[in-house]
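J.: Starting from these lines, generate the structure:
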Amino acid sequence: MYAILWVAAVLLFCHLHDTFDRRNYCRSKSGTCPSSATSDAADYFKELKRNWSDQVAVYPVETGRAGNTLWVPREFKAEYAPITHPKEIRLLYVTCEGPDKRFKSRFIHTSYDNVSTPYIAISYTWGTNIAVASTIPQGENQYIDLTESASRVLETLLVPGETLPLWIDAICIDQNNVTEQNHQLRLMREIYSNAHQVVVSLGAPTQDSSRAMDLIPQTNVCQHTCTLSPGPDWTALRALFRLPWFTRIWVIQEVALGRRPVFVLGDRAVSWNSMASDLLLHYHHFDATKPQDHIYALLGLASPATRKLLLPDYTLDLGDVYQETAVKLLQQGNSIALLHRAGIGYPRRLRGLPSWVPEWNSTYPEMVFGASHQNAGYNAARGTNPSVVINTETGSLHLDGWLVENVYKVGSARDPIYDGIDRHSPQSLKNFANVYSWIEEAEKLAIEFYLAGHWRVKHRVPSVFSLLKRLRYITGEPLLEALAQTLLAKHVQYPTTFDFSGCYTAWRTYYKQWMRKAGRLKVKDHEWKKIMSFEENFVAATLDRAFFVTDNGRMGLGSPNMQESDVVAIFKGGRTPFILRRNVGCNGLCRNFTLVGEVYVQGLMHGEWMQTGKEATVETIEIT
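T.: The predicted structure follows:
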């Protein structure tokens with residue numbers, strides 16, 4: 001659960017089956033396609049419905065306890081019939097009655113595991129605008145509010161004469177009933193895992209996003225998108241993955257638990273194997289309508305024991321929710337992973353929250369080092385288990401660990417406006433100029449320590465880059481190699497064979513020439529792929545991070561609020577080192593700190609400290 005909580009990621013479409021646009025649908029079915037330009041995605045659902053049982057095609061009311069019969073919508077709000085049973089959910093049966101997209105609907109109450117009432121669970125972005133439609137011809141006039149996004153879902157999925165049973169959270173849960181909200185949110189795992197299928201509505205299509213939907217089956221997009229040809233195709237894929245749906249925290253649970261998810265965008269529908277190998281790529285932060293949802297949205301993926309510990313309760317203050325969550329997770333005793341999202345290294349909104357408690361709705365870098373440990377092999381405290389004590393009276397956290405060394409110099413934070421190069425964009429050239437200044441600052445900081453008398457330079461050399469190639473890092477490797485690994489947080493697919501310094505040199509040389517020629521430099525595709533292999537990982541590792549050097553000459557990446565004289569620490573059971581700051585009035589012997597945040601430190605990420613002989617000097621560190 002913990003790693004998923006950190007992800008700021010785009011869910012990639014891997015191992016895709018088909019693209020149900022008009023061209024491919026006609027070719028695969030060898031039949032006549034409907035004339036409507038927007039019916040291609042609907043064809044898929046029509047075919048899906050044919051494969052369902054006869055009961056589904058008829059949608060008998062008697063299969064569940066009927067609620068109000070509704071039209072969508074008019075002037076009098078519908079009253080929700082109460083949900084009274086532990087497994088009970090409310091489904092919306094919707095019929096599209098004509099080409100003008102009038103929707104007739106009714107609520108059916110049933111159990112989420114009732115096989116006689118299969119349903120489609122919808123995953124989409126809520127939005128805020130209200131769209132108004134029509135009224136019912138029978139009896140009382142009643143309506144339900146639809147957001148613009150929900151209205152688009154219905155328009156996308158249904159064609160005239162079709163009826164579908166849907167579960168849409170914003171409609172099927174009474175949003176004015178907190179008790180019902182709490183109850184239904186505890187069932188999210190069951191609702192999505194028992195749905196006949198999960199349909200993801202990505203919203204309104206654009207020219208770029210539609211192009212991307214067509215590209216997906218051709219490219220079999222996986223984690224290393226840098227191998228795609230530069231230009232419009234790459235731009236289209238990036239536009240697709242920046243649609244609002246990809247930033248929602250709830251999508252992790254909705255897609256991971258769902259059966260045969262299908263992604264719909266305008267007249268395109270693409271199927272996806274939700275358990276494909278390359279599932280997550282750290283590109284985007286997840287958003288939530290309510291800050292508490294950064295916790296509650298992921299409970300469905302947690303273990304049964306954790307779900308019992310953390311019951312949704314929207315009546316609690318936000319700070320209480322976050323602190324209670326942190327306490328209960330730490331008291332399980334097997335991980336301190338949540339600390340990777342904690343600390344004062346980035347702006348925090350809640351006053352009075354202990355520094356060791358994550359503010360789950362705050363902005364953090366795309367790549368959280370603690371969440372990357374499996375791919376990158378981070379294991380700073382190799383062979384140790386956490387030792388955690390929480391003082392409930394003072395709110396302080398006590399951890400066993402080591403104070404390794406102090407921060408010597410800290411550079412500026414890398415501007416988040418730069419998210420990758422686009423050779424076709426003048427603005428991208430301007431943004432990169434700022435990044436290049438950040439790179440030059442990092443290079444100067446890297447050699448400053450070694451030129452300050454700690455290491456003697458035996459050669460007179462003309463440039464900073466030449467110094468990087470001649471000097472040696474504290475571990476004995478070339479300083480250029482150590483710097484290149486630091487700038488990527490040594491986070492690549494094959495670190496043992498990746499040519500860090502070679503790719504960095506090619507990348508640096510190319511962009512220096514590219515800026516001088518105002519973006520008009522031509523590069524062959526195979527050369528561009530090599531450059532992009534560095535570029536993509538650099539963007540993720542350094543976004544909104546500062547480069548720093550310790551008083552022992554180690555280089556690293558940390559949060560922008562780091563300061564000189566902060567302390568590098570390693571905790572038992574920790575995946576990465578952390579930065580601590582002594583509290584006011586605390587001298588050099590004091591062990592009372594504020595947590596600043598996680599860091600990448602070149603030469604301390606893979607258990608090296610545990611082999612120095614100093615691991616026996618463990619001490620208890622208090623964090624407030």
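J.: CA atoms of stretch 606-621 as PDB?
T.: The C-alpha trace of stretch 606-621 is given here as PDB (Å, rounded to 0.1, in the frame of the first residue of the first chain):
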ATOM      1  CA  HIS A 606      23.000   0.200  -1.300                       C
ATOM      2  CA  GLY A 607      24.100  -0.700   2.300                       C
ATOM      3  CA  GLU A 608      27.600   0.800   2.000                       C
ATOM      4  CA  TRP A 609      27.300   2.300   5.500                       C
ATOM      5  CA  MET A 610      26.600  -1.100   7.000                       C
ATOM      6  CA  GLN A 611      30.000  -2.300   5.800                       C
ATOM      7  CA  THR A 612      32.100   0.600   7.300                       C
ATOM      8  CA  GLY A 613      32.300  -0.900  10.800                       C
ATOM      9  CA  LYS A 614      30.400   2.100  12.200                       C
ATOM     10  CA  GLU A 615      27.100   0.300  12.100                       C
ATOM     11  CA  ALA A 616      27.600  -0.800  15.700                       C
ATOM     12  CA  THR A 617      27.300   2.900  16.900                       C
ATOM     13  CA  VAL A 618      23.600   2.900  16.600                       C
ATOM     14  CA  GLU A 619      21.700   5.400  18.600                       C
ATOM     15  CA  THR A 620      18.100   6.500  19.300                       C
ATOM     16  CA  ILE A 621      17.000   9.600  17.400                       C
END
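J.: which residue packs closest to Gly345, ignoring adjacent ones?
T.: Ser559 (2.6 Å; CB to CB, 6 or more residues apart in numbering). From N, CA and C alone the C-beta is placed, and that goes for glycine too.
J.: now do Leu243
T.: That would be Leu202: by CB to CB, 6+ apart, it lies 5.3 Å from Leu243.
J.: just Tyr80 next, same as before
T.: Tyr80's closest residue in space is Asp174 (CB to CB, 6+ apart), at 4.2 Å.
J.: In three-state terms, how would the one you found be classified?
T.: coil (DSSP: H, G, I helix; E, B strand; the rest coil).
J.: Might one say that it is in contact with Asn182?
T.: No: contact criterion CB atoms under 8 Å: Asp174 and Asn182 do not qualify, at 11.5 Å.
J.: Which one of these two is surrounded by more residues?
T.: Set Asp174 next to Asn182 and count neighbours by other CB atoms under 10 Å: Asp174 wins out with 18 against 15.
J.: and the helix or strand in which Gln323 is found, what other elements does it pack with?
T.: Assigned by DSSP states H and E, Gln323 falls within helix 318-331. Under the contact definition 3 or more CB pairs under 8 Å, 6 or more residues apart in numbering; DSSP states H and E, helix 318-331 sits against helix 293-296, helix 304-309, strand 388-391.
J.: Next one: the residue nearest to Leu243 from Cys96, what distance?
T.: In this view, Leu202 and Cys96 are 20 Å apart by CB to CB, to the nearest Å.
J.: I'd like to know how far the residue nearest to Tyr80 sits from Ala121.
T.: On the measure of CB to CB, Asp174 and Ala121 end up 18 Å apart.
J.: Same check on Glu536?
T.: 33 Å.
J.: Looking at those two, which one has more neighbours?
T.: Neighbour tally, Glu536 and Ala121, criterion other CB under 10 Å: the higher count belongs to Ala121, 28 against 21.
J.: What's opposite that one in the beta bridge?
T.: Legend: beta-bridge partners of Ala121 under DSSP bridges are Trp167, Val198.
J.: Quick check: Gly411 is in a strand.
T.: Yes: under the criterion used here (three-state DSSP), Gly411 sits inside a strand.
J.: tell me the contacts of the closest residue to Met605 other than its chain neighbours?
T.: Using CB to CB, 6+ apart and skipping residues adjacent in sequence, the residue nearest Met605 is Tyr378, 5.0 Å away. Shown in contact with Tyr378 (CB atoms under 8 Å, 6 or more residues apart in numbering): 369-370, 372, 575-576, 605-606.
J.: how about a cut-off of 7 Å?
T.: Taking CB atoms under 7 Å, 6 or more residues apart in numbering, we find Tyr378 in contact with 369, 372, 575-576, 605.
J.: pLDDT at it, what is it?
T.: If you check Tyr378, the pLDDT there is 91.
J.: now swap in Arg259 and tell me
T.: Model confidence at Arg259 (pLDDT) stands at 72.
J.: Ok, the one 10 residues further on next?
T.: Among the per-residue scores, Ala269 shows a pLDDT of 73.
J.: Return the list of helices and strands in contact with the helix or strand containing it.
T.: Using DSSP H and E, Ala269 sits within strand 268-271. In terms of contacts (3 or more CB pairs under 7 Å, 6 or more residues apart in numbering; DSSP states H and E), strand 268-271 is packed against helix 40-50, helix 207-219, strand 262-265.
J.: Any stretches of the stretch 151-300 of the chain with poor pLDDT?
T.: 215-234, 238, 247-258, 271-300 (pLDDT under 70).
J.: Do you have the strands of the stretch 451-600 of the chain handy? List them.
T.: 546-550, 555-558, 567-571, 578-582, 592-598, 600-601 (DSSP state E, counting those that start in this stretch).
J.: For those, please prepare a markdown table with the additional fields distance to Val464.
T.: Shown next, in a markdown table, are those (distance: least, CB to CB, whole Å):
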| stretch | distance to Val464 |
| --- | --- |
| strand 546-550 | 14 |
| strand 555-558 | 14 |
| strand 567-571 | 25 |
| strand 578-582 | 26 |
| strand 592-598 | 28 |
| strand 600-601 | 22 |
